[in-house]
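>>> Fold the stuff below for me.
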Amino acid sequence: MAFKNTGSKHFTFTINEGSTSGTAITSGSVPADGKEHTYFIDKALSAGGYYVSTSSAQGMSGILDVSLGTKVN
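This is a model prediction of the structure:
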């Protein structure tokens, strides 16, 4: 998944399984530098719903791109 934060403050994200309060899969912080930051989940995920939540100290501005696929070793 890739984030581009065009706001003036960093924001955080969390990916949860099953619901917004489900098991946390990963989380991170995206700096407010206007650059694209890519985050990978390096473990196999089961089929089902996953939720991306974002949070910031002020209004957010940016782009979220989620790509799903498999990695072949």
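>>> So which residues of this structure form strands?
Applying DSSP state E to the chain gives strands spanning 2-5, 11-17, 23-30, 36-38, 50-56, 62-65.
>>> Show me what counts as buried in the first one.
Going back to what we said before, that points to strand 2-5. Using 16 or more other Cβ atoms under 10 Å as the test for burial, strand 2-5 gives F3, N5. Backbone N, C-alpha and C define where each C-beta goes, glycine included.
>>> The third one now?
Buried positions in strand 23-30, judged by neighbour count with 16+ other Cβ under 10 Å: V30.
>>> closest one to A44 among the strands of the chain?
Across those, A44 has its closest neighbour in strand 23-30 (11.3 Å, Cβ to Cβ).
>>> from the chain's centre, how far out does that closest one sit?
Taking Cα atoms, centre = their mean, to the nearest Å, the mean C-alpha location of strand 23-30 is offset from the chain mean by 7 Å.
>>> Listing partners with orientation, what would you give for it?
Applying DSSP bridges, strand 23-30 is found paired with strand 11-17 (antiparallel).
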